[in-house]
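Participant: Need coordinates for the below:
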Amino acid sequence: MNRSRHILPIIVFSQFCCTSLWFAGNGVMADLVTSFNLRDSALGHLTSAVQFGFIFGTFLFAVLCITDRFSPSKVFFISAILGGLFNLSIVFEGNTIKSLLLFRFFTGFFLAGIYPVGMKIASDYYEKGLGKSLGFLVGALVIGTAFPHLLKGFGGFILWKWIVYITTVLAFLGGLFILLFVPNGPFRKIVTKLDLSITYKVFKKPSFRSAAFGYFGHMWELYAFWAFTPVLLASYTFYHPGTHFNIPVLSFIIIATGGLACVGSGYLSESFGTKKMAIISLGLSCFCCLASPLFFLQQSEILFIGFLIFWGMVVIADSPLFSTLIAQKVEAEYKGTALTIVNSIGFAITIVSIQLLSSLKNHMDSKYLFLILAVGPIFGLIALYDKKRLANYFSINHH
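Facilitator: Numbers count the residues shown, from 1 in each chain. The predicted structure is shown next:
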């Protein structure tokens, strides 16, 4: 028990180091476009390449049951080293748009062996208190996701190539820490044979399906909110011309405070239940989507920013809770595969919602744009609704 207390900080530190390949990498995309004389459209393509790499990687890892058949710590280490090497490759002088897209794709591909695998390692160590453990894990990743905005806010001090060198070294370090200090967890169960059908068999269980669909609804909103946080702030200044925001720094604050919310929701889930806290968080973020047009009209900048900080907290607070529910609603030997396939589908959904908002932002009033995000939480809440309890309630009242 004493030992597992030291395991969580190591997993959190290693995850943060290795996923810097993703978030800090995204922070240098604009520099790549300038340095290699690429077209402006390359910025979106390079960012999407990482997403597609991650989706393809998680799908392949899930279908082949990689993390359930092999040691998760070794999978994490190998993925960190290979992901780091592909990340480093973008600094080579002779790069073209094709080589850069390929390197970013494979960086995303090997992140599939880091992000969901880290959650799998945590679930192998913490059967009880998993929500709290994953709260710390996801919380650290949220702060990392916000990091590029901070770089932009105080940019110009660090050369982009140094950011690439630093993130590569961090990835190597994180992978090494997991390999050396985090052996296979006490609750790990090994899958001895390959079963290609596991990725859809897990969805046959209603309780798993409910948790997964809740997560999918959450993902529809989450990454679109993060991607469009600067747009939210810029739109407010359009409606209130006298307003001046430091958009990158405020974007960092709005997204990063979600990290604290993850830790808080993890602790609260131990007292009030994981599913209940997930429903509350998803319901509150749904309210934020629906209320967003009203807050654009507020004259008070403080009220508007306060609203966005609150939204930034509730939009992510349920993420570790859904991962906990997913890990709990599947047989122990398939936890890694279940977490990975749900990640794969979830991130594919984020591309759809981000592209939809991108295509609509030039055709509709900005203050109504974010109403579309409410579709995800509404779908998730319906999926999480306890139909049996509702039926019993009406049955009792009827009699």
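Participant: Go ahead and confirm L38 touches K98.
Facilitator: No - L38 is not in contact with K98 according to C-beta atoms under 8 Å; the separation is 10.9 Å. To be clear about C-beta, it is placed using only N, CA and C from the backbone, and glycine gets the same treatment.
Participant: More neighbours: these two, which one.
Facilitator: Counted by other C-beta atoms under 10 Å, L38 and K98 do not tie: L38 has more neighbours, with 18 against 8.
Participant: Quick one, grab the pLDDT at the nearest residue to that one once chain neighbours are set aside.
Facilitator: Leaving aside its sequence neighbours, L38 sits nearest to I97 (C-beta to C-beta, 6 or more residues apart in numbering; 5.5 Å). I97 carries a pLDDT score of 94 in this model.
Participant: Make 39 the first number, not 1, from now on.
Facilitator: All right, first residue 39 from here; so that's I135.
Participant: Counting neighbours, what do you get for I135?
Facilitator: 17.
Participant: host element of F254?
Facilitator: Assigned by DSSP states H and E, F254 falls within helix 244-265.
Participant: And that helix, what does it pack against?
Facilitator: For helix 244-265, the elements it packs on are helix 312-334, helix 339-355, helix 357-366, helix 373-398, helix 413-422, judged by 3 or more C-beta pairs under 8 Å, 6 or more residues apart in numbering; DSSP states H and E.
Participant: Packed most tightly, which of these would that be?
Facilitator: helix 357-366 (a mean of 27; mean count of other C-beta atoms under 10 Å).
Participant: Specify the angle between it and helix 312-334 in degrees.
Facilitator: 150 degrees (axes from the mean of the first three to the mean of the last three C-alpha atoms, to 10 degrees).
Participant: just checking, what packs against helix 357-366?
Facilitator: Against helix 357-366 (3+ C-beta pairs under 8 Å, 6+ apart) you get helix 153-163, helix 168-191, helix 244-265, helix 285-310, helix 312-334, helix 373-398.
Participant: will you turn those into TSV that also has distance to F342 and mean pLDDT?
Facilitator: Converted to TSV, the helices and strands packed on helix 357-366 look like this (distance: least, C-beta to C-beta, whole Å; pLDDT from 0 to 100):
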stretch	distance to F342	mean pLDDT
helix 153-163	32	94
helix 168-191	18	87
helix 244-265	15	95
helix 285-310	10	94
helix 312-334	6	96
helix 373-398	19	93
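Participant: okay, the ones you listed in CSV with distance to G213 next?
Facilitator: As requested, those are exported to CSV (distance: least, C-beta to C-beta, whole Å):
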stretch, distance to G213
helix 153-163, 11
helix 168-191, 16
helix 244-265, 25
helix 285-310, 22
helix 312-334, 30
helix 373-398, 17
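Participant: closest to D233 out of the ones you listed?
Facilitator: helix 373-398 (9.0 Å; C-beta to C-beta).
Participant: Now do the closest one: which elements does it pack against?
Facilitator: helix 80-101, helix 104-107, helix 153-163, helix 236-239, helix 244-265, helix 357-366.
Participant: what angle sits between that helix and helix 153-163?
Facilitator: 140 degrees.
Participant: Which residues are in contact with A68?
Facilitator: L81 (C-beta atoms under 8 Å, 6 or more residues apart in numbering).
Participant: Just the element for it, please.
Facilitator: helix 67-73.
Participant: hmm, back to that, report the buried residues of the helix holding F254.
Facilitator: 246, 248-264 (16 or more other C-beta atoms under 10 Å).
Participant: Show me how far that helix is from its chain's centre.
Facilitator: 11 Å (C-alpha atoms, centre = their mean, to the nearest Å).
Participant: Ok, stretch 370-380 next?
Facilitator: Distance, centroid of stretch 370-380 to centroid of chain: 16 Å (C-alpha atoms, centre = their mean).
Participant: cool, stretch 396-407 as well?
Facilitator: On C-alpha atoms, centre = their mean, the centre of stretch 396-407 falls 24 Å from that of its chain.
Participant: Flag every buried residue along that stretch.
Facilitator: For stretch 396-407, by 16+ other C-beta under 10 Å, it's 404-405, 407.
Participant: Ends of that stretch, what's the gap?
Facilitator: 10 Å (C-alpha to C-alpha, to the nearest Å).
Participant: How about residues contacting that stretch?
Facilitator: Under C-beta under 8 Å, 6+ apart, the answer for stretch 396-407 is 266, 269, 273, 276-277, 330-331, 334-335, 395, 410.
Participant: What is the neighbour count of G95?
Facilitator: Quick note: G95 (other C-beta under 10 Å) scores 28 neighbours.
Participant: tell me the pLDDT at it?
Facilitator: 97.
Participant: Is it in contact with L149, as I believe?
Facilitator: Yes - using C-beta under 8 Å, G95 makes contact with L149 at a distance of 6.9 Å.
Participant: Quickly name whichever of the buried residues of stretch 396-407 is closest to G177.
Facilitator: L407 (28.0 Å).
Participant: Give me the angle between the following helix or strand past the helix holding F254 and helix 244-265.
Facilitator: Beyond helix 244-265 on the C-terminal side, the first helix or strand identified by DSSP H and E is helix 267-277. Interaxial angle, helix 267-277 versus helix 244-265 (the same axes, to 10 degrees): 50 degrees.
Participant: Does anything pack onto helix 267-277? Which helices or strands?
Facilitator: Going by 3+ C-beta pairs under 8 Å, 6+ apart, helix 267-277 lies up against helix 285-310, helix 312-334, helix 339-355, helix 404-407.
Participant: E308 - nearest residue in space that isn't next to it in sequence?
Facilitator: K170 (6.0 Å).
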